[in-house]
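Enquirer: what follows is a predicted structure for the sequence shown.
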Amino acid sequence: MPPVNGLLESALFVGDLQRARDFYGRVFGLQELEISEDGCVLVVSQRQLLLLVTEAKATVASQTPGGRVPPCLAAPVRPLGAGHIAFSVAAADLDAWRAHLKRAGVVVESEVAWNSGARSLYFRDPDGHLLELATPGLWGLDW
């Protein structure tokens with residue numbers, strides 16, 4: 001089997017695009033790469049993108065000059081969608097993140113101290129997606 005080089009993009013379906021753009025800009029400082037009335041592409045890190053897609057756009061195909069992109073949410077089977085995304089952060093920055101989230105009005109729902117020594121903070125975006133900030137050691141990975 002040929003290798004996979006990484007995870008390029010993940011998409012979240014959002015009810016209010018401007019509200020979601022404001023949240024991810026204010027809380028994470030993510031740079032907007034592309035914006036349209038149907039969605040927004042945010043740069044998480046080098047070669048990692050987060051797509052915010054309106055629920056309406058997620059149900060229709062996109063016609064591009066190079067071909068048709070199928071809809072994300074298609075009948076008869078509709079995926080549950082992304083319920084959780086974790087962002088990696090340095091262990092030394094976790095207290096600063098906790099304070100930043102509080103200043104931004106984001107409620108931390110839970111904090112977990114993993115057996116590996118990693119720590120995670122869990123909170124939600126305005127559309128209810130569960131977000132996580134995780135320090136190195138989670139899943140045995142030392143990034």
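Expert: Perfect, I can see it now.

Enquirer: any regions of the chain where pLDDT drops low?
Expert: 2-3, 75-82 (pLDDT under 70).

Enquirer: give me the contacts around the helix ranked longest in it.
Expert: Longest helix in the chain, counting residues (DSSP state H): helix 17-28. Residues outside helix 17-28 that contact it (C-beta atoms under 8 Å, 6 or more residues apart in numbering) are 12, 14, 30, 32, 35, 37-40, 42, 44, 50, 52, 54, 87, 100-101, 104, 106, 125-127. From N, CA and C alone the C-beta is placed, and that goes for glycine too.

Enquirer: buried subset of those?
Expert: By neighbour count, with 16 or more other C-beta atoms under 10 Å, those hold 12, 14, 30, 39-40, 42, 44, 50, 52, 54, 87, 100-101, 106, 125, 127 as buried.

Enquirer: from the residues you listed, pick the one nearest residue 4.
Expert: Nearest to residue 4 out of these is residue 44 (C-beta to C-beta; 17.6 Å).

Enquirer: so the closest one sits against residue 50, correct?
Expert: Yes. If you go by C-beta atoms under 8 Å, residue 44 and residue 50 touch, sitting 5.3 Å apart.

Enquirer: list residues touching both of those two?
Expert: Contact with both residue 44 and residue 50 is made by residues residue 30, according to C-beta under 8 Å, 6+ apart.
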